[in-house]
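**Student:** Below is the structure, and that's it, no one-letter string:
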């Protein structure tokens, strides 16, 4: 019999124990039980490590389960706080602000492409204090890293969009609660990334996930199509369907997921090379039909009778509409030039299916938020959104339940925080991973390139609606944390050797897609561009598209028609060799750096 936490919600045991967590409420962010004893254990183990009593390789695995990740800079850590389906409360925004002000040298939190919030450059001795500051608000970093079930992503518009089969949010909450601290998922061959979507628009991008659940309904019964074995990095795969329909309300989707993880956990051959030990490698090796046979066989095991798959005690049930803001007596109205506000509305405001309410997307530059912005957003959430917001997979923040008549006031408040720019999810909303700012695996400064490309695109003053729909993403290495594979224009960090010198460089992908429920991996171009020349390449490709496309032709359709060689030819001169000299020295320095570039790539901890 597995620990009793797997059998549903319990109330026995001392506060802070696994059987009786101190925090577990059905409001966003209060999904993962907070266990005070884990902070005590972490503090004890961190002290032993710092005192030289525990070997580093032994401590790393313990640290990762608590969401504390090593950086390329020695002596400091990144803390990854999980936000299941991106849900966050105003009180949690304030808690992040407090923790960042006290302990984070860069004075910012970072929204990731998996809807987490990360904080960087924290000395190990301070990490327990950070976790203690966050915990009272319900925030948890438990299993944010390591070979565990990582943060579960979901559609930020779930529950308020028109095209939904049903809102998967309650079932996401149950999934998270079931598998956190689950004995089977503590040391699998590698991490598992999960996504849920309620619509075929698939804004959670299920196709790139290890396991994914797409809402389906049969004869009035709610369930999920289960997909398995997606992933990006150096071996991009689109997840095929494992089962067409698995019932949700009776917990079958949890049972199937656990069977998958048990099968995966026993594949010891995958542990030999942790860098390639993902579920997609298993699916690739034996095929989805054989994996289905293995899972079917696993579901016949004795372990099934030892579990309680009843989802009712662990469902995340929160009636957001009941907490939606009441109308105020009056609202500010626009006056003067409305063009900027109207442009913001076109890109960032969408009507909810609930009449009278809209979602408003705050455009967060590079996913970075200062304490002042976090607190300002918390106040906006309280005043205008019933307290509801969700982070997005594109590093923005979506305010929900904003009354239509309040949108102008919300835009004014966002603008005062530097978050009211139009263009969310459009061409200037460039997505990037942290790259060499903090990641051990980073080759190039993807955050620096993000700033340079965004500046160039803004300078182009693009007004064409089709060009504005182009998505640009870049990663600091081939692993793809920015999801560059599925961008219309994507880049990953590389280098070019010139004698004894090295140039920071990027390899481009063209015509990836994640919209409309279809995942397409972009075509890798056969040119390698110096980092300082990438903005020029982006401008040329966008201008080429505008000049040579057919009437109404979308970017990817244009790319398919003209072919990848046309894109390569457009930047052929930019890919020419560069000799080191005083005139070209800047090319040998990465974006937002002031020293000659060197490849300094350590061993990442994802595969530890």
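**Tutor:** Perfect, thanks for sending it. The shown structure was predicted, so the numbers you read here are calculated from the model rather than taken from an experiment.
**Student:** Walking through the stretch 201-350 of the chain, point out its helices one by one.
**Tutor:** With DSSP state H, counting those that start in this stretch as the criterion, the stretch 201-350 of the chain has helices at 252-265, 268-271, 279-286, 288-298, 339-348.
**Student:** Residue 238 is nearest to which of those helices?
**Tutor:** Closest of the helices of the stretch 201-350 of the chain to residue 238 is helix 279-286, at 9.3 Å (criterion: CB to CB). Heads up, the C-betas are built off the backbone N, CA and C, glycines and all.
**Student:** average model confidence for the closest one?
**Tutor:** The pLDDT scores in helix 279-286 average 98.
**Student:** what's residue 495 sitting at in phi/psi?
**Tutor:** When read as degrees, to the nearest 10, the backbone of residue 495 gives phi -150, psi 160.
**Student:** which residues touch it?
**Tutor:** With contact set as CB atoms under 8 Å, 6 or more residues apart in numbering, residue 495 has these partners: 443-444, 502-505, 597, 599.
**Student:** Just name the most buried of the helices of the stretch 201-350 of the chain.
**Tutor:** Stretch with highest mean neighbour count among the helices of the stretch 201-350 of the chain: helix 252-265 (a mean of 22; mean count of other CB atoms under 10 Å).
**Student:** Next, the angle from that helix to helix 288-298.
**Tutor:** Helix 252-265 and helix 288-298 meet at an angle of 110 degrees, taking axes from the mean of the first three to the mean of the last three CA atoms, to 10 degrees as the criterion.
**Student:** Just the closest of the contacts of residue 495 to residue 338, please.
**Tutor:** residue 444 (41.0 Å).
**Student:** what about the closest one, how many neighbours?
**Tutor:** Using other CB atoms under 10 Å, residue 444 is surrounded by 28 other residues.
**Student:** so what's the backbone phi/psi at the residue lying closest to it once chain neighbours are set aside?
**Tutor:** Nearest non-adjacent residue to residue 444, counting by CB to CB, 6 or more residues apart in numbering: residue 493, 3.3 Å away. Backbone torsions of residue 493, given as degrees, to the nearest 10, read phi -70, psi 140.
**Student:** Report pLDDT for residue 493.
**Tutor:** pLDDT for residue 493: 97.
**Student:** Could I get the contacting residues of it?
**Tutor:** Taking CB under 8 Å, 6+ apart, one finds 435, 442-444, 446, 474-478, 504-506 in contact with residue 493.
**Student:** Now list the buried members of the contacts of residue 495.
**Tutor:** 443-444, 502-505, 597 (16 or more other CB atoms under 10 Å).
**Student:** Please narrow those residues to those residing in strands.
**Tutor:** Per DSSP state E, strands hold the following members of the buried ones among the contacts of residue 495: 502-505.
**Student:** thinking again about what came up before, figure out which of the helices of the stretch 201-350 of the chain is closest to residue 176.
**Tutor:** Nearest of the helices of the stretch 201-350 of the chain to residue 176, taken as CB to CB: helix 252-265 at 10.8 Å.
**Student:** same for that closest one, what does it pack against?
**Tutor:** helix 169-179, strand 211-218, strand 221-228, strand 241-247, helix 279-286, helix 288-298 (3 or more CB pairs under 8 Å, 6 or more residues apart in numbering; DSSP states H and E).
**Student:** between the ones you listed, which one is nearest to residue 427?
**Tutor:** Residue 427 lies closest, by CB to CB, to one member of the helices and strands packed on helix 252-265: strand 211-218, at 27.6 Å.
**Student:** So which bits of that closest one are buried?
**Tutor:** For strand 211-218, the neighbour count (16+ other CB under 10 Å) marks 211-216 as buried.
**Student:** got it, and stretch 565-579?
**Tutor:** Residues 567, 570-571, 574-575, 578 are the ones in stretch 565-579 that count as buried (16+ other CB under 10 Å).
**Student:** roughly how far is it from the heart of the chain?
**Tutor:** Relative to its chain's centre, stretch 565-579 lies at 32 Å (CA atoms, centre = their mean, to the nearest Å).
**Student:** Contact partners for residue 383?
**Tutor:** Neighbouring residues of residue 383 by CB under 8 Å, 6+ apart: 325, 413.
**Student:** repeat for residue 601
**Tutor:** Residues counted as contacts of residue 601 (CB under 8 Å, 6+ apart) are 440-443, 477.
**Student:** how close does residue 537 sit to residue 489?
**Tutor:** Counting by CB to CB, to the nearest Å, the gap from residue 537 to residue 489 is 9 Å.
**Student:** go on, residue 323?
**Tutor:** Plainly put, residue 323 is 40 Å away from residue 489 if you go by CB to CB.
**Student:** Now render the contacts of residue 495 as a markdown table, adding pLDDT and distance to residue 231.
**Tutor:** Putting the contacts of residue 495 into a markdown table (pLDDT from 0 to 100; distance: CB to CB, whole Å) gives the following:
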| residue | pLDDT | distance to residue 231 |
| --- | --- | --- |
| 443 | 97 | 20 |
| 444 | 97 | 22 |
| 502 | 96 | 29 |
| 503 | 97 | 30 |
| 504 | 97 | 26 |
| 505 | 98 | 24 |
| 597 | 93 | 29 |
| 599 | 91 | 25 |
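**Student:** pLDDT below threshold where in this protein?
**Tutor:** Scanning the chain for pLDDT under 70 picks out the ranges 1-25, 27-29, 603-604, 606-608.
**Student:** What is the end-to-end distance of stretch 546-559?
**Tutor:** 12 Å (CA to CA, to the nearest Å).
**Student:** Just the buried positions in it, please.
**Tutor:** Across stretch 546-559, burial judged by 16+ other CB under 10 Å covers 549, 554-556, 558-559.
**Student:** With stretch 386-394 instead?
**Tutor:** So for stretch 386-394, counting by 16+ other CB under 10 Å, buried means 386-394.
**Student:** same thing with stretch 30-42?
**Tutor:** Applying 16+ other CB under 10 Å to stretch 30-42 flags 30-36, 38-39, 42 as buried.
**Student:** closest to residue 416 among the residues you listed?
**Tutor:** Minimum separation from residue 416 among the buried residues of stretch 30-42 (CB to CB) is found for residue 30, which lies at 29.4 Å.
**Student:** helix, strand or coil for the closest one?
**Tutor:** Taking DSSP: H, G, I helix; E, B strand; the rest coil as the rule, one finds residue 30 in the coil state.
**Student:** my guess is it meets residue 140, correct?
**Tutor:** No. Counting by CB atoms under 8 Å, residue 30 sits too far from residue 140 to count as a contact (9.4 Å).
**Student:** ok, the buried residues of stretch 30-42 vs residue 423, which is closest?
**Tutor:** Nearest to residue 423 among the buried residues of stretch 30-42: residue 31, at 31.3 Å, using CB to CB.
**Student:** now for the contacts of residue 493, which pair is the farthest apart?
**Tutor:** Greatest spatial distance among the contacts of residue 493 (CB to CB): 478 and 504, at 14.4 Å.
**Student:** For residue 520, which residues are in contact?
**Tutor:** 486, 511-514, 556.
**Student:** Oh, that last question was meant for residue 345, not what I typed.
**Tutor:** Counting by CB under 8 Å, 6+ apart, residue 345 makes contact with 407, 411.
**Student:** Fine by me, we can end here.
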